[in-house]
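**Student:** Okay, predicted coordinates and the sequence, questions at the end:
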Amino acid sequence: MFVDKTKITIKGGNGGNGCVSFYRAKFITNGGPDGGDGGKGGDLVFVADGNMGTLLDFRYKRIFKADDGKDGAKLNCSGKAGQELVIKVPVGTVIREANSGKVMADLAAHGQRKVLISGGRGGRGNQHFATPTRQAPQYAERGKIAREYEVVLELKLIAEAGLIGFPNVGKSTFLKMATNANPKIANYHFTTLSPNLGVVRGNYGDDYVLADIPGIIEGASEGAGLGIEFLRHIERTKVLIHVVDAAAMEREDPIADIELINNELAKYNPELEKRPQVIVCNKMDIPEAQEHFEQIKALYEPKGCAVFAVSAASNQGVTEVLGKVAEILKNYPQDIVFDEDYEEYEEVKVDDEPFTITKTAESAYVVEGVGVERMIGFTNIDTEQGFAFFQRYLREKGIIDALEAKGVQEGDSIKIYNLWFDYYK
């Protein structure tokens, strides 16, 4: 089963908590703090694997989480770091943040590696908070909570050449004759419901990957049928092989069909108009095809498109087409990038994340924001030192000033995450 789009949830490993401990030994009753640090949480990493060809595995497992770091221990022992989680995806996978649709990673080469979520930092043990005036700190940091995202995985096939054209014009038959692929072939519309790949073996080592891209019909760029799902597979293709039914057995006007398909490509991505294109007039074993072939040749060869007479069913003309594509690829610039202009996802630093303040009917103030909530999770506010640290954060973040601007008075209740505080200057 070919799966080229799916949604999953990913999360990095949380950092381990710091330890509160004091050194104790025989004849030593008041040893100093020796609480160790928590271990760093595991990173979540994506790696492109050329041996994978589908996202099918992600249909059965939807949640991926790296290991958490271990807590610190006494005697200044740091906790063990969490193990990173490596997720393998097919080459050509684009990872988008689900809510914004922005691209977080584009893995277009075998072995390409992307750390998408860094593990949370481990909390510091109480040994770090000893001062000349506070020699026995009863305080340690909690481990930082790692980020969590819902992401969409999209697979864009990596193929040097792609077969395009209306359904039932012979693309799958051409692919079978040209490569080692074995696509399903039958005489009805939309036989091909997923892209097929095959390798064209050249005489001099000039092999290349050929893809059969189905589902491109009128309105495909607006989402008709499964058009949008299939059009993205063309974006990385260097040469387009446009197959047309020259015998007009299924449709009346082959030239109109060529123009219609090209218009759909241009609407989806204007860059596709610039791709080299070879036109294959298929079903030339039928006498009625000759007239259309001459018309297509006269119209498109002056525009720089090579036009070939082919009968894919009998393998007539297939070798000539493949040779022409190999020639184009041989002289093709390698530094041209065939990608859309992605809007990349930029991770916002916790300190820069916005917050909101809402006044309820009960004269309570609700402070919301990812950064504020994470700071609560990272700080041990049950201790005097931890609570003082959190108060400083609220002041430096500008939350206290924002509350006062909203009209907060002494004694008013403030809710942050699931905790309630009373406001006093």
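**Tutor:** Perfect, thanks for sending it. Predicted, not measured: the structure shown is a model, and the values here were computed from it.
**Student:** where along this structure do the helices fall?
**Tutor:** 171-178, 227-231, 254-268, 289-300, 318-330, 370-378, 384-397, 399-405 (DSSP state H).
**Student:** Pick out the shakiest of those helices, pLDDT-wise.
**Tutor:** Looking at the helices of the chain, the lowest mean pLDDT belongs to helix 227-231 (a mean of 61).
**Student:** what about the helices of the chain, which gets the closest to residue 360?
**Tutor:** Taking Cβ to Cβ as the criterion, residue 360 comes closest to helix 399-405 out of the helices of the chain, the separation being 13.4 Å. All C-beta atoms are positioned from the backbone trio N, CA, C, and that covers glycine.
**Student:** List the buried residues for the closest one?
**Tutor:** 399-400, 402-403 (16 or more other Cβ atoms under 10 Å).
**Student:** Stretch 320-331: which residues count as buried?
**Tutor:** Going by neighbour count (16+ other Cβ under 10 Å), the buried part of stretch 320-331 is 321-322, 324-326, 328-329.
**Student:** likewise stretch 117-131?
**Tutor:** Neighbour-count burial for stretch 117-131 [16+ other Cβ under 10 Å]: 117-127, 129.
**Student:** what's the closest of the buried residues of helix 399-405 to residue 75?
**Tutor:** The nearest member of these to residue 75, counting by Cβ to Cβ, is residue 399 at 38.4 Å.
**Student:** wouldn't that closest one be in contact with residue 366 here?
**Tutor:** No - distance between residue 399 and residue 366: 11.9 Å, which falls outside the contact criterion (Cβ atoms under 8 Å).
**Student:** Neighbours of residue 98, how many?
**Tutor:** 13 (other Cβ atoms under 10 Å).
**Student:** wait, what's in contact with it?
**Tutor:** Shown here is residue 98, whose contacts under the criterion Cβ atoms under 8 Å, 6 or more residues apart in numbering are 7, 149-152.
**Student:** who wins for neighbours among those?
**Tutor:** Neighbour counts for the contacts of residue 98 peak at residue 151, which has 22 neighbours (criterion: other Cβ under 10 Å).
**Student:** Apart from its chain neighbours, what residue comes closest to that one?
**Tutor:** The spatial neighbour of residue 151 that comes closest, neighbours along the chain excluded (Cβ to Cβ, 6 or more residues apart in numbering), is residue 95 at 5.4 Å.
**Student:** Out of the buried residues of helix 399-405, which two sit at the greatest distance?
**Tutor:** 400 and 402 (7.3 Å).
**Student:** In a markdown table: the contacts of residue 98, plus distance to residue 393 and pLDDT.
**Tutor:** Rendered in a markdown table, the data for the contacts of residue 98 read as follows (distance: Cβ to Cβ, whole Å; pLDDT from 0 to 100):
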| residue | distance to residue 393 | pLDDT |
| --- | --- | --- |
| 7 | 34 | 93 |
| 149 | 24 | 92 |
| 150 | 28 | 93 |
| 151 | 30 | 94 |
| 152 | 34 | 93 |
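**Student:** Any idea how many residues pack against the closest residue in space to residue 244 that isn't next to it in sequence?
**Tutor:** The spatial neighbour of residue 244 that comes closest, neighbours along the chain excluded (Cβ to Cβ, 6+ apart), is residue 254 at 4.7 Å. Residue 254 sits with 26 neighbouring residues when counted by other Cβ under 10 Å.
**Student:** wait, residue 254 sits on residue 246?
**Tutor:** Yes - taking contact to mean Cβ under 8 Å, the distance of 5.7 Å between residue 254 and residue 246 places them in contact.
**Student:** okay, and the common contacts of these two?
**Tutor:** With Cβ under 8 Å, 6+ apart, residue 254 and residue 246 have common neighbours 281, 292, 296.
**Student:** buried subset of those residues?
**Tutor:** Among the shared contacts of residue 254 and residue 246, those that count as buried by neighbour count (16+ other Cβ under 10 Å) are 281, 292, 296.
**Student:** How many neighbouring residues does residue 114 have?
**Tutor:** Neighbourhood size, residue 114 [other Cβ under 10 Å]: 16.
**Student:** what residues are up against it?
**Tutor:** 45-47, 95, 105, 107.
**Student:** Where neighbours are concerned, which of those has the most?
**Tutor:** Of all these, the highest neighbour tally under other Cβ under 10 Å goes to residue 46, namely 25 neighbours.
**Student:** May I ask you to confirm that that residue is in contact with residue 94?
**Tutor:** No - in terms of Cβ under 8 Å, residue 46 does not count as a neighbour of residue 94; the distance is 10.8 Å.
**Student:** which residues do the two both contact?
**Tutor:** Both residue 46 and residue 94 are in contact with 105, 107, where contact means Cβ under 8 Å, 6+ apart.
**Student:** picking that back up, overlap in contacts, residue 399 and residue 366.
**Tutor:** residue 357.
**Student:** and residue 135, how far is that from residue 31?
**Tutor:** 11 Å (Cβ to Cβ, to the nearest Å).
**Student:** Over to residue 367?
**Tutor:** Residue 367 sits 40 Å away from residue 31, taking Cβ to Cβ as the criterion.
**Student:** what's the answer for residue 3, then?
**Tutor:** Applying Cβ to Cβ, the value for residue 3 to residue 31 is 59 Å.
**Student:** Between the two, which has more neighbouring residues?
**Tutor:** For residue 3 versus residue 31, neighbours defined as other Cβ under 10 Å are more numerous around residue 3 (15 against 12).
**Student:** who's in contact with the more buried one?
**Tutor:** Applying Cβ under 8 Å, 6+ apart, we find residue 3 in contact with 54-56, 58-59, 155.
**Student:** for residue 89, same thing?
**Tutor:** Under the criterion of Cβ under 8 Å, 6+ apart, the contact list for residue 89 reads 46-49, 52, 55, 95, 107, 153, 155.
**Student:** pLDDT for those residues - can I get that in a markdown table?
**Tutor:** Supplementary listing: those in a markdown table, determined by pLDDT from 0 to 100:
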| residue | pLDDT |
| --- | --- |
| 46 | 96 |
| 47 | 96 |
| 48 | 93 |
| 49 | 91 |
| 52 | 84 |
| 55 | 87 |
| 95 | 92 |
| 107 | 90 |
| 153 | 93 |
| 155 | 84 |
